[in-house]
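Trainee: Pasting the sequence and the predicted model now:
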Amino acid sequence: MEIQPSFAADSLPSGPRLVAGVVTALCLLLALAGLLLALAPLKSKKKPSSASSNKQPAGSKACGCACTCGPSAPDSDSAPMAVGATYVNGGAGAVEAAAAAAAAVAAAERQSGASMMEQLVPEITTHALSYLDYPSLCRLSMTNSLMRKAANDDNAWKALYHKDFTLEQDGVTPVNGWKAYYAATRAIVNINLEFFNIIRESSLQSMSRLWLNADYVKCVHASGELFSGYNAVIQGWQLAFNWEQGVDFQVRDVRVRVLRDMAWVTMKTFVDMDTGPFNMTNVFEFHNGRWYMVHHHSSMMVMDGDLDQQNIHG
Amino acid sequence: MSSSPPPSSAAASPSCPKKMIALRSSDGETFEIEEAAALQSKTLENMIDEDCAGTPIPLPNVTGKILAKVVEFCSKHAEPGVDDESLRAWDAEFVNVEQATVFDYILAANFLEIPTLLNLTCNVVADMIRGKTPDEIRKFFNIKSIFSPEEEEEVRRENHWAFE
């Protein structure tokens, strides 16, 4: 014999009551679905931050309670409250309940989207940033708008400039800000390094590419000889390379001053223990998207006999 | 520790017993910290100068969980005769915690003005950032990327020099 389900035919409501019952059931189902949707992303959100370390104390929140500085409340608190509101407001229809639940999810995402990193009070972020090197600071600025603003902070780059290059130029206000000034300085330091590598390698080809092909470029070697104009300058280097190959030296105290399309660099070059440092000056100009050398001047090599003569003329 | 008369709350006796300072966290827990350790915090230093009666100093910005660790940190750093290397090792262990906890330490150190803890924790955060690509940084700190296409181009222009 057939076993009828407990809600036998006579317990089914008829007509309007049937419709009302179905609507109520639908509302409840949708609200339930909304609640589940709201809670699920919260669970997945906890994973990234706690997955970063091995420790996972039970019930730990993604954001600690001490974050009173930021405008957003800890993310795990806000969403249930928002969803709860749809219940509290009661009479919301099925569609509205679903929409409100979706909005609560979005709100929670936005609030927790201001991650802990971004919630740090500005001065702490600056302090933390002061420990970073320039590539890390740049990469951080590429993460999002908020971090870009923090990581491009003028004072942070000024401090990094003083740390990496020189304490000089403290009173300078670079036109495009300190980050751009740091970048330009880094570019000149690199090209200056390249100049010395070219000398070490005695590569005439590279040297002729480095110099600007112009009649006003000049080069004064440690011998005291002055070469004027591009061709003479390159010939001068050819002589220098022929005369002394594979010299090794140390370059210290590199100081760079960069203006829009001109830069000058001073440095001390040490060849060996006997000769004192050579004081050198290099000048570069920016043309067609790259830097060219336009001037090199080295202090003179002091020969033992010449010392008295130097003093007379000096 | 040498035996000394119990400290009176009215005045420190000449034989210099250890004076304890009471702190109350935002969630109502009370902690005791030696004065020497408390002086690591500039905020507490200012408060101690003014306060004589010994009522617990309320710290509304710090929870009990974090305050307990901060007290531990300050006490360790106020300990005499700890050599640099073991202190550094202890510090490393101290910050070997969840990302969220490190951030809590930073906020507490900033509020309480404890330079040693602030430097330590900021260094930890810097270590977390260093060497990572922007994508990795985003993932690690759960940062959402919201650049417009124009911004993307500006960002590229501002930063390409660093990677050539």
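Mentor: Perfect, I can see it now.
Trainee: Residue 130: neighbour count?
Mentor: Let's take chain A. 18 (other CB atoms under 10 Å in any protein chain shown). Any C-beta I mention is one placed from the backbone N, CA and C, and that applies to glycine too.
Trainee: if you could check chain B rather than the one you did, that'd help
Mentor: 16.
Trainee: my guess is it contacts residue A:129, does it?
Mentor: No: Residue B:130 is not in contact with residue A:129 according to CB atoms under 8 Å; the separation is 11.2 Å.
Trainee: And the helices in chain B, which stretches?
Mentor: Secondary structure of chain B by DSSP state H: the helices cover B:35-38, B:42-50, B:64-78, B:84-94, B:99-112, B:115-129, B:134-141, B:149-159.
Trainee: And chain B, is stretch A:270-284 touching that?
Mentor: No: Stretch A:270-284 does not reach chain B (CB under 8 Å from any CB of the partner chain); its nearest approach is 15.8 Å.
Trainee: Okay, buried residues for the helix or strand where residue A:265 lies please.
Mentor: Residue A:265 is part of strand A:262-270 when elements are defined by DSSP states H and E. If you call a residue buried by 16 or more other CB atoms under 10 Å in any protein chain shown, then strand A:262-270 has these buried ones: A:263, A:264, A:265, A:267, A:268, A:269.
Trainee: For chain B, which residue gets nearest to chain A?
Mentor: Per CB to the nearest CB, residue B:126 is where chain B lies closest to chain A, at 3.6 Å.
Trainee: what's the pLDDT at that residue?
Mentor: Residue B:126 carries a pLDDT value of 87.
Trainee: Same question for residue B:152.
Mentor: 87.
Trainee: Over to the one 10 residues further on?
Mentor: In this prediction, residue B:162 carries a pLDDT score of 90.
Trainee: What's the local residue count around the nearest residue to it once chain neighbours are set aside?
Mentor: Nearest non-adjacent residue to residue B:162, counting by CB to CB, 6 or more residues apart in numbering or on different chains: residue A:138, 4.2 Å away. When neighbours are defined as other CB under 10 Å, residue A:138 has 22 of them.
Trainee: Distance of the one residue sitting closest to the centre of chain B relative to residue B:103?
Mentor: Nearest residue to the geometric centre of chain B (CA atoms, centre = their mean): residue B:109, 3.4 Å. Going from residue B:109 to residue B:103 by CB to CB, to the nearest Å gives 11 Å.
Trainee: Same question for residue A:292.
Mentor: Distance of residue A:292 to residue B:103, computed by CB to CB: 48 Å.
Trainee: In terms of neighbours, single out the busier of those two.
Mentor: Higher neighbour count among residue A:292 and residue B:103: residue B:103, with 25 against 18, using other CB under 10 Å.
Trainee: Tell me where the model's unsure across the stretch 201-314 of chain A.
Mentor: By pLDDT under 70, the low-scoring segments of the stretch 201-314 of chain A are A:246, A:303-314.
Trainee: in it, what residue is nearest chain B?
Mentor: Going by CB to the nearest CB, chain B is nearest to residue A:290 of the stretch 201-314 of chain A, at 11.7 Å.
Trainee: Give the bridge partners for that residue, please.
Mentor: Legend: beta-bridge partners of residue A:290 under DSSP bridges are residue A:287.
Trainee: picking up where we left off before, mind putting the buried residues of strand A:262-270 into a markdown table with distance to residue B:135?
Mentor: Shown next, in a markdown table, are those (distance: CB to CB, whole Å):
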| residue | distance to residue B:135 |
| --- | --- |
| A:263 | 34 |
| A:264 | 39 |
| A:265 | 36 |
| A:267 | 39 |
| A:268 | 42 |
| A:269 | 43 |
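Trainee: per-residue pLDDT, residue B:49?
Mentor: At residue B:49 the predicted local confidence, pLDDT, stands at 70.
Trainee: Could you check how many residues crowd around it?
Mentor: By other CB under 10 Å, 8 other residues sit near residue B:49.
Trainee: and it, how far is that from residue B:30?
Mentor: From residue B:49 to residue B:30 the distance is 21 Å (CB to CB).
Trainee: Residue B:109 now?
Mentor: Counting by CB to CB - residue B:109 and residue B:30 are separated by 20 Å.
Trainee: Contacts for stretch A:151-159 next, please.
Mentor: Stretch A:151-159 is contacted from outside by A:126, A:129-130, A:137-138, A:140-141, A:177-179, A:181-182, B:158, using CB atoms under 8 Å, 6 or more residues apart in numbering or on different chains.
Trainee: ugh, typo on my part, it should be stretch A:274-288
Mentor: With CB under 8 Å, 6+ apart as the test, stretch A:274-288 has contacts from A:188, A:191-192, A:195, A:212, A:222, A:252, A:260-271, A:291-299, A:301-302.
Trainee: Go ahead and produce CSV holding the CA coordinates of the worst-scoring helix or strand of chain B on mean pLDDT.
Mentor: Counting by mean pLDDT, DSSP states H and E, the weakest-scoring helix or strand in chain B turns out to be helix B:42-50, with a mean of 79. Below are the C-alpha coordinates for helix B:42-50, written out as CSV (Å, rounded to 0.1, in the frame of the first residue of the first chain):
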residue,chain,number,x,y,z
LYS,B,42,57.6,58.0,26.0
THR,B,43,53.8,58.2,26.5
LEU,B,44,54.0,56.3,29.8
GLU,B,45,57.0,58.3,30.8
ASN,B,46,55.0,61.5,30.6
MET,B,47,52.1,59.9,32.4
ILE,B,48,54.2,58.5,35.2
ASP,B,49,55.7,61.9,35.9
GLU,B,50,52.3,63.3,36.6
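Trainee: Where does chain A get nearest to chain B, residue-wise?
Mentor: For chain A, CB to the nearest CB, closest residue to chain B: residue A:131, 3.6 Å.
Trainee: Check the burial of that residue by counting its neighbours.
Mentor: Number of residues near residue A:131 (other CB under 10 Å) recorded here: 17.
Trainee: give me every residue that touches the nearest residue to it once chain neighbours are set aside.
Mentor: Distance criterion CB to CB, 6+ apart; nearest residue to residue A:131, sequence neighbours excluded, is residue B:126 at 3.6 Å. Residue B:126 makes contacts with A:128, A:129, A:131, A:132, A:136, as judged by CB under 8 Å, 6+ apart.
Trainee: Could you tell me how far the nearest residue to residue B:131 once chain neighbours are set aside is located from residue B:136?
Mentor: Nearest residue to residue B:131, sequence neighbours excluded (CB to CB, 6+ apart): residue A:136, at 6.9 Å. Using CB to CB, residue A:136 is found at 11 Å from residue B:136.
Trainee: Give me the more crowded residue out of those two.
Mentor: residue A:136 (20 against 13).
Trainee: just to revisit the earlier point, in a strand, the residue of chain A closest to chain B, correct?
Mentor: No: according to DSSP: H, G, I helix; E, B strand; the rest coil, residue A:131 belongs to no strand; its state is coil.
Trainee: Next, give phi and psi for it.
Mentor: Torsion angles at residue A:131 (phi, psi; degrees, to the nearest 10) stand at phi -90, psi -10.
Trainee: OK, contacts around it?
Mentor: If you count contacts by CB under 8 Å, 6+ apart, residue A:131 has them with B:122, B:123, B:126.
Trainee: swap in residue A:162?
Mentor: residue A:170.
Trainee: Where does it fall, secondary structure wise?
Mentor: Counting by DSSP H and E, residue A:162 is part of helix A:154-164.
Trainee: for residue A:190, same thing?
Mentor: helix A:177-201.
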